[in-house]
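In: Sequence below, structure please.
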Amino acid sequence: MAHGRASSRDQWRRGLARVGLTLALAFAGVGLPAVVIPPAAEAYTSRLNLFLVRESGESFETFLRRSEIIARAGVQRSFDSDVLMTDVIVTIVGESQGLSMPVLTVAVSRRDWQRRPDVLAWVEYYPAARALLP
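Out: Got it, this is the predicted structure:
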């Protein structure tokens, strides 16, 4: 009977040694680290630059409203296209008479967008655009 206990104890020690070796290899980057250490969730941001040509005779205010509408669509499309996307930054670059410059930027997290999907809540305007895009 004592021999049976020693055998069970030896089997337990060998099993424990195998587990220890597996853990050591996993932490060393060998073996199956995904099983032992799950991959960390990564937050990532979509950056989207959209170029918008100002129509002939279009007022700056109308151009700005059109920019906001397009920015909203860009934000929504970015979140819809990738469920892991955590943040979106959309910049509208206006083009008029050979000049290009940022008009507005919308930077918003998925959580904030779900809570309030309104471009006007998250937009930053570039005041210099009004002067360069008369």
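
In: Show me the contact partners of the host helix or strand of Leu50.
Out: Counting by DSSP states H and E, the element that carries Leu50 is strand 45-53. Residues outside strand 45-53 that contact it (CB atoms under 8 Å, 6 or more residues apart in numbering) are 63, 66-67, 70-71, 74, 78, 82, 85-96, 100, 103. No exception for glycine: its C-beta is placed from N, CA and C like everyone else's.

In: Out of the residues you listed, name the ones that lie in strands.
Out: Asp87, Val88, Ile89, Val90, Thr91, Ile92, Val93, Gly94, Glu95, Ser96, Ser100, Val103 (DSSP state E).

In: May I ask which two of these are separated the most?
Out: The distance between the two most remote of the ones in strands among the contacts of strand 45-53 (CB to CB) is 29.5 Å, for Asp87 and Ser96.

In: how about the helices of the protein, start to end?
Out: 2-27, 33-36, 60-81, 110-115, 119-122, 128-132 (DSSP state H).

In: Now the weakest link among these, please, by mean pLDDT.
Out: Of all these, mean pLDDT reaches its minimum on helix 33-36 (a mean of 51).

In: what's the neighbour count on Asp109?
Out: Quick fix: residue 109 is Ser, not Asp. For Ser109, the count of nearby residues is 16 (other CB atoms under 10 Å).

In: State the distance from it to Thr45.
Out: From Ser109 over to Thr45 the distance is 9 Å, taken as CB to CB, to the nearest Å.

In: which residues do the two both contact?
Out: With CB under 8 Å, 6+ apart as the test, Ser109 and Thr45 both reach Thr86, Asp87.
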